[in-house]
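Chemist: I'd like to go over a predicted model; first the sequence, then the structure.
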Amino acid sequence: MSSMMPDVQEVLISSEEIESKVSEIGARVSEDYRGERPLLVGILRGAVVVMSDLMRNIDLPCEIDFMDISSYGTGTSSSGVVRILKDLEEDITGRHVLIVEDIIDTGLTLSYLLRSLLARKPASLEICALLSKPSRRRVELDVKYLGFEVPDEFVVGYGLDYAGAYRNLPDICVLKPEVFSGDEG
Ligand code: IMP
Ligand code: MG
């Protein structure tokens with residue numbers, strides 16, 4: 001039992017459920033990219049955990065790279081401002097690129113990222129997101145591989161943070177309201 005559990009109100013998705021979903025997605029990716037050498041692009045820092053599990057469920061020669069973009073401060077609401085803090089190391093021209101993201105909320109971050117990556121002329125560009133909050137979406141996004149839909153609640157764990165913490169919780173959890181007290185977002 002994690003010492004962070006006293007801050008947790010509810011476990012939304014257990015590590016076992018996540019594990020089986022990620023292995024299912026890995027099998028689909030392996031099938032869809034058969035004969036190719038896809039480049040998985042993880043969005044720092046939240047996607048690190050799902051990236052690590054997903055890549056080990058892909059039975060293909062694949063490569064990984066990371067980008068860091070910012071659309072959030074330390075609070076829980078979108079600022080609408082998107083900046084590239086760390087760009088890819090790899091040239092993606094002609095590559096089959098699969099973006100790996102922890103959660104799609106408004107979709108603003110990914111829609112910006114898609115436009116920016118498409119301009120580099122990849123052979124293909126698809127999205128894999130562990131979580132999605134459909135009720136919060138502000139732009140249309142075609143998510144090829146989706147783990148779970150979650151309600152409009154701020155979730156942490158399995159890579160997702162609140163103010164930098166809780167990423168190392170193995171389950172996807174909702175925090176107690178008192179944990180957020182003092183947050184302006
Ligand atoms: P979007 O641009 O609104 O789709 O924001 C997506 C980004 O916001 C994600 O990559 C997360 O970093 C962050 N985010 C959105 N919702 C949550 C949440 O419930 N918990 C933790 N991070 C979140
Ligand atoms: Mg993120």
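Modeler: Thanks, I have it. The structure presented is a predicted model; accordingly, all values stated were derived computationally and were not measured. Ligands and ions are numbered 1, 2, ... in the order given.
Chemist: Which of the helices or strands spans Trp43?
Modeler: Trp isn't right for residue 43; it's Ile. When elements are assigned from DSSP states H and E, Ile43 belongs to strand 39-44.
Chemist: quick one: low-confidence ranges for the protein?
Modeler: Segments of the chain classed as low confidence (criterion: pLDDT under 70) are 71-81, 182-185.
Chemist: Kindly report the residues of it close to ligand 1.
Modeler: With C-beta under 6 Å from any ligand atom as the criterion, the chain meets ligand 1 at residues 46, 71-72, 78, 101-109, 154-156, 160. Just so you know, the C-beta spots here come from the backbone N, C-alpha and C atoms, and that holds for glycine as well.
Chemist: In helices only, show me those.
Modeler: 108-109 (DSSP state H).
Chemist: Could you pick out the buried ones from the residues of the chain next to ligand 1?
Modeler: Buried residues within these, counting neighbours by 16 or more other C-beta atoms under 10 Å: 46, 71-72, 78, 101-109, 154-156, 160.
Chemist: Distance of Gly94 relative to Leu39?
Modeler: 10 Å (C-beta to C-beta, to the nearest Å).
Chemist: likewise Gly159?
Modeler: Where Leu39 is concerned, Gly159 sits at a distance of 20 Å (C-beta to C-beta).
Chemist: In terms of neighbours, single out the busier of the two.
Modeler: A count of neighbours by other C-beta atoms under 10 Å puts Gly159 above the other of Gly159 and Leu39, at 26 against 20.
Chemist: Just give the closest residue to the more buried one, not the sequence neighbours.
Modeler: Once its chain neighbours are removed from consideration, Gly159 has its nearest residue in Val49; the separation is 3.5 Å (C-beta to C-beta, 6 or more residues apart in numbering).
Chemist: doesn't Tyr166 make contact with that neighbour?
Modeler: No. Between Val49 and Tyr166 no contact is recorded; they are 11.5 Å apart, counting by C-beta atoms under 8 Å.
Chemist: residue ranges of the strands in the chain, please?
Modeler: Listed in chain order, the strands of the chain (DSSP state E) span residues 8-13, 39-44, 63-70, 83-86, 96-104, 124-132, 145-149, 155-156, 172-175.
Chemist: would TSV of these with distance to Gly26 be doable?
Modeler: Shown next, in TSV, are those (distance: least, C-beta to C-beta, whole Å):
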stretch	distance to Gly26
strand 8-13	17
strand 39-44	11
strand 63-70	13
strand 83-86	25
strand 96-104	11
strand 124-132	10
strand 145-149	9
strand 155-156	22
strand 172-175	18
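Chemist: mind checking how far Ala163 is from Leu175?
Modeler: 10 Å.
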